[in-house]
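*Asks:* Sequence unavailable; structure follows:
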Ligand SMILES: CC(=O)N[C@H]1[C@@H](OP(=O)(O)O)O[C@H](CO)[C@@H](O)[C@@H]1O
Ligand SMILES: [Mg+2]
C-alpha cells in the first residue's frame with residue numbers, strides 16, 4: 001500500500017468526528033473548531049498530494065477569517081497563490097467525507113485520477129491565524145503532511161495574504177518578491193514611501209489613520225509593519241489582541257453594522273481602517289464634521305483605485321485594457337459611477353474571490369473587489385512589461401504605475417496592501433475622506449438571511465442576479481421590484497452559511513427595507529422557508 005500509516009494515524013489521533021456531509025465551500029472548510037481535527041489532518045494529506053501533482057509548494061491556511069473566535073477553518077493555496085483548483089475542491093470534499101478506514105484507498109484513487117507519482121517530493125507551507133484553536137489544528141495538518149510523506153514549512157502566525165504571497169514567491173523562484181515576511185514588508189513599504197517622497201501631507205490629505213486590528217493577526221502584522229513605513233503614515237493602533245477576535249470590531253462588523261468599531265475612540269475627520277480576522281479584508285470609516293458616521297466599503301475602494309489607475313494609464317499613453325470586476329452585491333451607484341463617469345468597463349462575477357480573480361484576468365489591469373472589502377488589482381505580464389519599460393524611459397505616469405504595482409499584493413485581497421494603495425491615491429489627489437466619499441452616493445441597500453429546509457433548491461444564473469429555481473420565484477421578485485422606482489433585488493444560496501441571502505436596493509432606506517422584506521417572504525413561501533415568517537415581516541418595524 002502506498003499510504004501505509006494513513007489509516008492508523010487517522011484512527012488513533014484524528015478519527016472522523018462528524019457524520020454529516022461537509023463541503024469545501026467558498027472559503028474552504030469552516031465550522032466550530034472542535035469539529036475540525038480530522039478535517040485538518042486530511043487537508044494535510046491532500047495538500048501533499050496536490051504538491052506532488054503540481055511539482056510546487058502548496059499553502060495551507062488555518063483561519064475562520066471574520067467568523068467568531070470559536071470557529072475555525074482551512075483553505076488550500078495553489079502554486080501561483082490562487083485559490084485551490086475546482087477539481088481539487090471536489091477531491092477535498094471526497095477525502096473529508098470518507099470513513100477513516102478507507103482514507104488510503106481514497107487517496108490512491110485521487111492519485112490515480114490525477115496521474116500523480118506519490119513517491120515524489122512534496123512541500124506544504126502552513127500558516128495560521130491567532131485563534132486559540134489554530135495551533136492544535138496546525139499540528140493536525142502537519143501530521144497529515146508528514147504521514148503522506150511531505151515536508152512542512154511552518155510560517156507560524158501569519159495573515160492570509162502573506163501566505164499567498166510567500167507561496168507565490170517560493171514557487172516562482174523569488175521573481176514576484178522575496179519569499180519571507182520581511183521580503184513582503186520591504187517590498188510594499190518601500191514602494192509606498194517612495195511614492196510620497198514629496199511629503200506626506202497634500203491638500204486636504206493628512207497622513208494619519210486609526211487602525212482597528214479586529215484583535216487578530218492583522219493587528220500583529222501592523223505592529224511589525226509600522227517600523228517599515230516610518231513617518232510616511234502616522235498610525236494609532238487599537239484592538240491589538242487585548243479583546244475578543246472580531247467581536248464588535250473589525251471589517252465585517254463595520255460592513256454589516258455600518259457602525260464605528262468598538263475599542264477605537266471616535267475622532268471626527270480621521271480615517272479609521274478596519275481589517276478582518278485574517279487581514280484579507282478592509283473597510284474605511286470616518287465621522288464627518290457634522291458628527292455623521294460614514295462607511296467606505298469595497299465598492300468605494302474599487303472605484304477610487306480604478307479611477308486613479310485609469311487616469312495614470314491615459315496620462316502614460318500606454319494602450320492597456322483596464323476593467324473592474326464586481327459582484328451582484330456591488331452598490332448600483334458605484335457601478336454607474338465607474339462606468340458612466342469614469343468610463344471604466346465593469347464585469348459582474350459570481351460571489352467568491354476565485355470567480356472575481358478569474359474574471360479580472362481578462363483585462364491587462366483587472367481591479368476586483370467585493371463590496372465587503374475583499375479585493376486587489378492584477379496586472380497581466382504584458383502590462384507589467386509595458387509599464388516597467390515606460391517607467392525606465394522616465395514616463396512619469398508609468399513610474400507611478402510601476403510603484404503602485406509594488407504596493408499591491410496581486411496574489412489575493414490584502415488589507416494592509418490595499419490600505420497603502422488607498423492612502424496613496426488619496427495622497428495623490430489631495431483628498432480628505434469626505435472628498436472620497438462625495439464621489440458618489442451609495443443607494444440605500446439591505447441584506448437579509450432566510451432559513452430554508454434545503455438551500456440547494458435555489459439556483460441562479462447571470463452572475464447570480466437571476467433566480468432559475470424554484471420556478472416562479474424570479475417572476476415574483478420581478479413583480480415586487482417593479483413596485484419600486486429604480487429598485488433592484490436578488491436572492492442566492494450562501495456558499496458559507498446554511499441560509500439564503502436576500503439583497504435589495506431602492507432610492508430610500510424605507511423602500512429598500514420594504515422590498516427586502518417582501519422578497520424574503522417570497523423566498524420563505526416558495527423555497528421551503530423554515531423560520532418564523534412573522535419575524536421576517538417585522539424585521540425593520
Ligand atoms: C454577501 C457576502 O458578503 N458574501 C461573502 C460570503 O459568501 P457567501 O457565499 O455569500 O456566504 O463569504 C465569502 C467568503 O469569505 C465572501 O467571499 C463573500 O463575499
Ligand atoms: Mg478574511
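*Replies:* On my side now, so go ahead. Because the structure is predicted, anything quoted here is derived from the model rather than measured. Numbering: from 1, shown residues only. Ligands and ions are numbered 1, 2, ... in the order given.

*Asks:* What strand or helix carries the closest residue to ligand 2 within the chain?
*Replies:* Closest contact between the chain and ligand 2, by CB to the ion, is at residue 65 (3.2 Å). The C-beta positions use only the backbone N, C-alpha and C, and glycine is treated the same way. Element membership for residue 65, per DSSP states H and E: none, as it lies in no helix or strand.

*Asks:* That one against residue 26, yeah?
*Replies:* No. Distance between residue 65 and residue 26: 10.7 Å, which falls outside the contact criterion (CB atoms under 8 Å).

*Asks:* Would you mind measuring from residue 451 to residue 538?
*Replies:* Separation of residue 451 from residue 538 (CB to CB, to the nearest Å) stands at 16 Å.

*Asks:* Enumerate every residue touching the nearest residue to residue 238 once chain neighbours are set aside.
*Replies:* Spatial nearest neighbour of residue 238, chain neighbours left out: residue 264 (4.5 Å); criterion: CB to CB, 6 or more residues apart in numbering. When the contact criterion is CB atoms under 8 Å, 6 or more residues apart in numbering, the partners of residue 264 are 210, 212, 238, 239, 249, 272.

*Asks:* confidence score at residue 264?
*Replies:* Residue 264 is assigned 98 on the pLDDT scale.

*Asks:* Report the distance from stretch 389-409 to the chain centre.
*Replies:* Distance of stretch 389-409 from the chain centroid (CA atoms, centre = their mean, to the nearest Å) equals 26 Å.

*Asks:* can you tell me the distance between the two ends of it?
*Replies:* For stretch 389-409, the first and last residues are 21 Å from each other (CA to CA, to the nearest Å).

*Asks:* what sits up against it?
*Replies:* Contact partners of stretch 389-409, identified using CB under 8 Å, 6+ apart, comprise 161, 164-165, 184, 187-188, 190-192, 194-195, 309, 312-313, 315-318, 376-377, 379, 384, 387-388, 414, 417, 420-421, 424, 428.

*Asks:* go again using 6 Å as the cut-off
*Replies:* Here stretch 389-409 makes contact (CB atoms under 6 Å, 6 or more residues apart in numbering) with 161, 165, 187-188, 191-192, 194-195, 312, 315-316, 377, 379, 387-388, 417, 420-421.

*Asks:* cool, stretch 156-170 as well?
*Replies:* Residues outside stretch 156-170 that contact it (CB under 6 Å, 6+ apart) are 57, 59, 61, 77, 80-81, 125, 127-128, 130, 176-177, 179, 184, 217, 221, 278-280, 409, 411-412, 414.

*Asks:* pretty sure residue 128 contacts residue 136?
*Replies:* No. Taking contacts as CB atoms under 6 Å, residue 128 lies outside contact range of residue 136: 9.8 Å.

*Asks:* For the stretch 151-300 of the chain, which segments are assigned as helices?
*Replies:* 160-171, 181-195, 217-229, 250-257, 298-316 (DSSP state H, counting those that start in this stretch).

*Asks:* Would you tell me whether the fourth one gets close to ligand 2?
*Replies:* I take that to be helix 250-257. No. Contact of helix 250-257 with ligand 2 is not found when judged by CB under 5 Å from the ion; the minimum separation is 7.8 Å.

*Asks:* Would that helix count as contacting ligand 1?
*Replies:* No. In this structure, helix 250-257 remains apart from ligand 1 according to CB under 6 Å from any ligand atom; the gap is never smaller than 7.8 Å.

*Asks:* mean confidence score for that helix?
*Replies:* Averaged across helix 250-257, the pLDDT comes to 95.

*Asks:* Count the neighbours of the nearest residue to residue 342 once chain neighbours are set aside for me.
*Replies:* Distances taken as CB to CB, 6+ apart put residue 307 closest to residue 342, at 4.9 Å, once the chain neighbours are dropped. Neighbour count for residue 307, taken as other CB atoms under 10 Å: 20.

*Asks:* Need the pLDDT of residue 307.
*Replies:* Residue 307 carries a pLDDT value of 96.

*Asks:* okay but it is in contact with residue 341, surely?
*Replies:* No. Counting by CB under 6 Å, no contact exists between residue 307 and residue 341, whose distance comes to 8.4 Å.

*Asks:* doesn't residue 326 fall inside a strand?
*Replies:* Yes. The secondary structure assignment for residue 326 places it in a strand, going by DSSP: H, G, I helix; E, B strand; the rest coil.

*Asks:* can you pull up the bridge partners for it?
*Replies:* residue 348 (DSSP bridges).

*Asks:* What sits closest to the residue nearest to the spatial centre of the chain if chain neighbours are left out?
*Replies:* The geometric centre of the chain, computed from its C-alpha atoms, lies nearest to residue 374 (CA atoms, centre = their mean), at 3.7 Å. Taking CB to CB, 6+ apart as the measure, residue 374 lies nearest to residue 413, with 4.1 Å between them; neighbours along the chain are not counted.

*Asks:* ok, the one you found touching residue 373?
*Replies:* No. When contacts are counted by CB under 6 Å, residue 413 is not listed as touching residue 373 (7.7 Å).

*Asks:* on that earlier part again, between residue 128 and residue 136, who's got more neighbours?
*Replies:* It is residue 128, of residue 128 and residue 136, that has more neighbours when counted by other CB under 10 Å, with 26 against 16.

*Asks:* For the more buried one, which residues are in contact?
*Replies:* The contact partners of residue 128, by CB under 6 Å, 6+ apart, come to 62, 134, 138, 157.

*Asks:* Ok, residue 254 next?
*Replies:* Residue 254 makes contacts with 261, 274, 283, 285, as judged by CB under 6 Å, 6+ apart.

*Asks:* and what of residue 130?
*Replies:* Each residue near residue 130 by CB under 6 Å, 6+ apart is listed here: 157, 216, 217.

*Asks:* Extract the residue ranges of the chain that are flagged as low pLDDT.
*Replies:* For the chain, the stretches flagged by pLDDT under 70 are 1.

*Asks:* Can you pull the residues of it lying near ligand 2?
*Replies:* Where the chain comes near ligand 2, counting by CB under 5 Å from the ion, the residues are 65, 276, 278, 280, 281.

*Asks:* OK, now which residue of the stretch 51-200 of the chain is nearest to ligand 1?
*Replies:* Using CB to the nearest ligand atom, the closest approach of the stretch 51-200 of the chain to ligand 1 is made by residue 65 at 5.9 Å.

*Asks:* which residues touch that residue?
*Replies:* Residues in contact with residue 65 (CB under 6 Å, 6+ apart) are 276, 277, 278.

*Asks:* Residue 4: which of these is nearest?
*Replies:* Each of the contacts of residue 65 was scored against residue 4 by CB to CB, and residue 278 proved nearest at 35.1 Å.

*Asks:* Distance check, that closest one against residue 152.
*Replies:* As judged by CB to CB, residue 278 and residue 152 stand 20 Å apart.
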